[in-house]
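Participant: sequence? don't have it. structure:
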């Protein structure tokens with residue numbers, strides 16, 4: 001039986017360890033040479049780390065929604081609407097700031113073909 005009031009602020013140190021492992025898997029997957037294609041490389045494919053991030057995100061998002069449902073009694077669309085509204089208010093301001101900054105900084109440079117790193121650096 002679940003407690004009547006669940007604390008959303010609880011922290012899972014083990015998930016930080018899994019997050020670190022996922023980051024290392026992505027880094028090693030991109031860093032290790034592709035040839036020769038070995039079993040070791042298969043273990044450290046970047047996709048493994050990305051899949052781990054998806055699993056962690058799914059767990060944490062589901063937990064947030066369940067805690068909100070149990071604590072506030074919110075069900076159905078209002079639950080998802082409030083979740084996505086909070087998400088948008090958290091992500092979109094910085095997104096539009098960076099997008100605008102990118103547009104302002106891109107104006108002085110002429111268009112170059114993709115892959116023109118010397119122009120960007």
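Facilitator: Nice, I can see it. Worth saying up front: this structure is predicted, and the values here are computed from it rather than measured.

Participant: buried sites along the longest helix seen in the chain?
Facilitator: Looking across the chain with DSSP state H, the single longest helix is helix 77-106. Buried positions in helix 77-106, judged by neighbour count with 16 or more other CB atoms under 10 Å: residue 79. C-betas here are computed from N, CA, C, even on glycine.

Participant: do the same with stretch 59-79
Facilitator: Within stretch 59-79, the residues scored as buried using 16+ other CB under 10 Å are 67-68, 74, 79.

Participant: so among the residues you listed, where is pLDDT lowest?
Facilitator: Ranked by pLDDT, the buried residues of stretch 59-79 bottom out at residue 74 (76).

Participant: separation between that residue and residue 84?
Facilitator: 13 Å (CB to CB, to the nearest Å).

Participant: I'd assumed residue 70 was in contact with residue 79.
Facilitator: No - taking contacts as CB atoms under 8 Å, residue 79 lies outside contact range of residue 70: 10.9 Å.
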